[in-house]
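Trainee: need a structure here:
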Amino acid sequence: MLLGPLPALGAADQATNTRPVSVRSVVRYTTFAPVDQEWTGKKFDDSKWTLAKDPAEITAAVPQGGEVWVRIRRELPWELINNTYARILRTGPAEIYVNGKQKSISDRTPMAGWQSVALTPGREETPGWNVYAFHGKCNGKDMPAVGFDVIHEPWVEREIPDVKPQPLIEEKLRDANVILGGDGNYYLCGTFAGTYGDGPLFFDYHSGKYWKNNDGVKLYRSADLRNWTDMGWVWTFKGNATWCREPFKSDDPMKNGKQGIFAPKFHYLDGKYYIVYGVNWSSPTHRGDVGIAVADKPEGPYRETSPDKAVCSGIDAQIFRDDDGQCYMVHGRGYIAKLKPDLSGLAEPDRLMACANYPMVGHEGAGVIKRGDTYYLMCAEIVSKKGGGSYGCTMVASSKHVLGPYGNRSMMLPYAGGHTRPFQDKNGKWWTALWTWSGNLSHRFSIIGLDFDPDGTIRPTGEIIRK
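Mentor: Numbers count the residues shown, from 1 in each chain. Predicted coordinates for the structure are as follows:
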């Protein structure tokens, strides 16, 4: 719901929007650089800045080659926070801040015309007055313009059954995923702590060593989804890696020589087993790349579909194969591209799958499934709680075409860390693996039942797998 153009405000800086959700708002801008470095925060006095009635007024005020600083103050109810995002127009560098904290701007999409920008992961807003600040430069000659606006879409908190998942293995992990293999067994993979280097410290967030290294890809096997057997590391840097064999070299002992596999996905396609894995190089920018390894048996041996280089950049990757046999790479926050027939690389540039009420379905851990004629795109997200604080969840949106457009995103699993890829058991029933839930289930693998609603949403049924 776009709340602009907004009504002009009086001396008391108060106005009531007449749209379905009433929002008081103040929009001010300046083309002169603020002296006070705290200009992005709530306490900054912007009363001497120019009052704006709509975004077009700001754009018209910025000369070619000029800059603009914008502050939008809005009093928001809780329902408008989690689906709030920015729209920016720029031909040069730009910065966005929410209540004084800078939010990144994705450089994956060329900026041409007005672009939607997500303000996640994590929400900086609270119910009440919030400040959205923007600094943009007008450097382009072909489109000498710059602008900023904030859009609010209503958020719906769904009611779900009282789900109490049960841990199914003792070992901790992240990003749990389960598939049914061609041999009638189920296979579990995820991000496991390593046995060398920093090893057990992999999940110790306070040490600064998390996500720095592990051995590779580990599998568990089960015949009934209840009892799981550790198969060990089936793909390792030491034994299998080719293009990513050598770790990053750095003078920083916290980064030097560190490598890890993050959020691998296991697949069974046409009689073969595939591991799609993201490599954390622990470089200064934490750059990630994706590889695909294939074998005749789950335990290997595995060979790379692209031995000399990564299949693509990114993390949190999976292969999605459509009914026509075309395979796609899905990764990150919902990027997708066709894969070459031999799965050695992308056949086209990837693109971000957006949804109707937010620039993306979530911020990481993308997954796609198809049921009947409907595609479901799922991603992890961090959202604000109605009573305060935040939590991780899985969001979902649906479409009749794999590339979209996707409809409104909605919450699929609250208190679940995302990286969700639902699967069917031998009887056709739908389940999903979890690695976190509310309570004491952080980094614990469990499985819960799912069902599908006619409106394109997925919801938990309350069923769980027990040992």
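
Trainee: so which bits of the lowest-mean-pLDDT helix or strand in the chain are buried?
Mentor: One helix or strand of the chain scores below all others by mean pLDDT, DSSP states H and E: helix 55-61, with a mean of 88. If you call a residue buried by 16 or more other CB atoms under 10 Å, then helix 55-61 has these buried ones: Pro55, Glu57, Ile58, Thr59, Ala61. For glycine as for every other residue, the C-beta is placed from the backbone atoms N, C-alpha and C.

Trainee: show me what contacts the fourth one?
Mentor: By CB atoms under 8 Å, 6 or more residues apart in numbering, the contact set of Thr59 is Leu89, Ala145, Val146, Gly147.

Trainee: related to what we said a few turns ago, what is the nearest of the buried residues of helix 55-61 to Gly239?
Mentor: Pro55 (56.3 Å; CB to CB).

Trainee: which non-adjacent residue is nearest the closest one?
Mentor: The shortest distance from Pro55 to any non-neighbouring residue, by CB to CB, 6 or more residues apart in numbering, is to Asp149 (4.3 Å).

Trainee: from the chain's centre, how far out does the one helix or strand the one you found maps to sit?
Mentor: Taking DSSP states H and E as the criterion, Asp149 maps to strand 147-152. When distances are taken as CA atoms, centre = their mean, to the nearest Å, strand 147-152 is centred 21 Å away from the chain's centroid.

Trainee: which SSE is immediately downstream of it?
Mentor: Next helix or strand after strand 147-152 toward the C-terminus (DSSP H and E): strand 173-180.

Trainee: ok, the buried residues of helix 55-61 vs Ser384, which is closest?
Mentor: Closest to Ser384, out of all of the buried residues of helix 55-61 and judged by CB to CB, is Pro55, at 25.2 Å.

Trainee: is that closest one in contact with Gly147, as I believe?
Mentor: Yes: counting by CB atoms under 8 Å, Pro55 does reach Gly147; the two are 5.2 Å apart.

Trainee: shaky segments in this structure?
Mentor: Within the chain, the stretches with pLDDT under 70 are 1-22, 106-112, 140-144, 196-201, 205, 208-211, 282-286.

Trainee: at 50 instead, please
Mentor: Applying pLDDT under 50 to the chain picks out residues 1-20, 110.

Trainee: ok so, going back, got CSV for the buried residues of helix 55-61, with distance to Gly260 too?
Mentor: What follows is the buried residues of helix 55-61, written out as CSV (distance: CB to CB, whole Å):
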residue, distance to Gly260
Pro55, 43
Glu57, 49
Ile58, 44
Thr59, 45
Ala61, 49
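
Trainee: now, which of these sits nearest Pro167?
Mentor: The closest of the buried residues of helix 55-61, once distances to Pro167 are taken by CB to CB, is Pro55, at 50.1 Å.

Trainee: who's Phe262 bridged to?
Mentor: Per DSSP bridges, the residues bridged to Phe262 are Gly278.

Trainee: who are the contact partners of it?
Mentor: By CB under 8 Å, 6+ apart, the contact set of Phe262 is Asp175, Thr191, Trp211, Tyr277, Gly278, Val279, Asn280, Gly288, Ile315, Asp316.

Trainee: could you measure from it over to Ala133?
Mentor: To Ala133, Phe262 is 33 Å away according to CB to CB, to the nearest Å.

Trainee: same question for Ile261.
Mentor: Using CB to CB, Ile261 is found at 38 Å from Ala133.

Trainee: quick one: which of these two has more around it?
Mentor: Ile261 (29 against 25; other CB atoms under 10 Å).

Trainee: surely that one meets Lys218?
Mentor: No: counting by CB under 8 Å, Ile261 sits too far from Lys218 to count as a contact (9.0 Å).

Trainee: in contact with the closest residue to Asp224 other than its chain neighbours, which residues?
Mentor: Nearest non-adjacent residue to Asp224, counting by CB to CB, 6+ apart: Tyr186, 8.0 Å away. By CB under 8 Å, 6+ apart, the contact set of Tyr186 is Val178, Ile179, Leu180, Arg221, Ser222, Ala223, Asp224, Leu225, Asp425.

Trainee: domains of the chain?
Mentor: The record's domain split for the chain, according to automatic domain parsing, is 24-152, 173-464.

Trainee: for the ones you listed, which one sits closest to Lys164?
Mentor: Comparing the domains of the chain under CB to CB, the one sitting nearest is domain 173-464, at 6.7 Å.

Trainee: and Tyr85, how far from Lys137?
Mentor: Taking CB to CB as the measure, Tyr85 and Lys137 are separated by 21 Å.

Trainee: partners of Thr30 in the sheet?
Mentor: Beta bridges link Thr30 to Trp69, judged by DSSP bridges.

Trainee: wouldn't it be in contact with Gly66 here?
Mentor: No: in terms of CB under 8 Å, Thr30 does not count as a neighbour of Gly66; the distance is 11.1 Å.

Trainee: residues contacting stretch 428-443, please?
Mentor: 163, 165, 167, 172-178, 188, 190, 203, 225, 371, 391-392, 413-417, 419-425, 444-452, 465.
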